[in-house]
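Peer 1: what follows is a predicted protein model with its sequence.
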Amino acid sequence: MPKHQITCGSQHHLIMECQFHLSTFIDGILISTVGEYIRKLPVEEGDPRETVGLDRFYETYVFNTDDDWTEKKTELYEAYRHPDVIDWSEIDARPAQTVVEATTNHWVVVDEHGGTQ
């Protein structure tokens with residue numbers, strides 16, 4: 001079980017403004033899930049969603065952070081700030097097509113990295 005874990009509904013990667021975002025910080029890592037990016041321009045027909053990556057509407061990425069970030073930032077309001085990400089190259093990634101799949105992916109990855117749901 002991790003020493004520190006913080007889960008919040010903030011978007012912590014991807015510069016597009018997504019409707020769905022979930023982040024979990026566990027000792028030294030950030031797990032960030034985003035998706036449901038909706039086009040801002042009017043859509044005449046079809047799906048108004050845009051993909052957030054190659055052939056996916058949602059994605060879960062894992063990044064290395066400063067090891068003691070979660071220990072220093074335990075106040076709720078602090079959880080919405082970005083952790084000190086060491087490298088924005090993801091160390092794990094999971095694509096998803098639905099919000100259910102994205103949420104499941106997020107908690108599977110949290111579990112794989114020693115966290116709890």
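Peer 2: Good, I have the coordinates.
Peer 1: mind checking the SS state of the closest residue to residue 105 other than its chain neighbours?
Peer 2: Nearest residue to residue 105 in three dimensions, chain neighbours excluded: residue 94, at 4.1 Å (Cβ to Cβ, 6 or more residues apart in numbering). Where you see a C-beta, it was placed from the backbone N, CA and C, and this is true even at glycine. Secondary structure for residue 94, judged by DSSP: H, G, I helix; E, B strand; the rest coil, is strand.
Peer 1: any idea how far residue 109 is from residue 94?
Peer 2: Per Cβ to Cβ, to the nearest Å, residue 94 is found 6 Å from residue 109.
Peer 1: same question for residue 26.
Peer 2: Counting by Cβ to Cβ, the gap from residue 26 to residue 109 is 10 Å.
Peer 1: okay, helices next: where are they in this structure?
Peer 2: With helices called from DSSP state H, the chain shows them at 69-72, 99-112.
Peer 1: would a markdown table of those with mean neighbour count be doable?
Peer 2: Formatted as a markdown table, those follow (neighbours: other Cβ atoms under 10 Å):
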| stretch | mean neighbour count |
| --- | --- |
| helix 69-72 | 17 |
| helix 99-112 | 17 |
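Peer 1: so which of those helices comes closest to residue 46?
Peer 2: helix 99-112 (19.0 Å; Cβ to Cβ).
Peer 1: using PDB, list the CA coordinates for that closest one.
Peer 2: What follows is helix 99-112, C-alpha atoms only, in PDB (Å, rounded to 0.1, in the frame of the first residue of the first chain):
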ATOM      1  CA  VAL A  99     -15.900   6.500 -20.300                       C
ATOM      2  CA  VAL A 100     -16.400   3.100 -18.700                       C
ATOM      3  CA  GLU A 101     -13.300   1.600 -20.300                       C
ATOM      4  CA  ALA A 102     -11.300   4.800 -19.400                       C
ATOM      5  CA  THR A 103     -12.400   4.700 -15.800                       C
ATOM      6  CA  THR A 104     -11.600   0.900 -15.600                       C
ATOM      7  CA  ASN A 105      -8.200   1.500 -17.200                       C
ATOM      8  CA  HIS A 106      -7.500   4.200 -14.700                       C
ATOM      9  CA  TRP A 107      -8.200   2.100 -11.600                       C
ATOM     10  CA  VAL A 108      -6.400  -0.900 -13.100                       C
ATOM     11  CA  VAL A 109      -3.300   1.200 -13.600                       C
ATOM     12  CA  VAL A 110      -3.600   2.600 -10.000                       C
ATOM     13  CA  ASP A 111      -3.800  -0.900  -8.700                       C
ATOM     14  CA  GLU A 112      -0.700  -2.000 -10.800                       C
END
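Peer 1: perfect, I'm done here.
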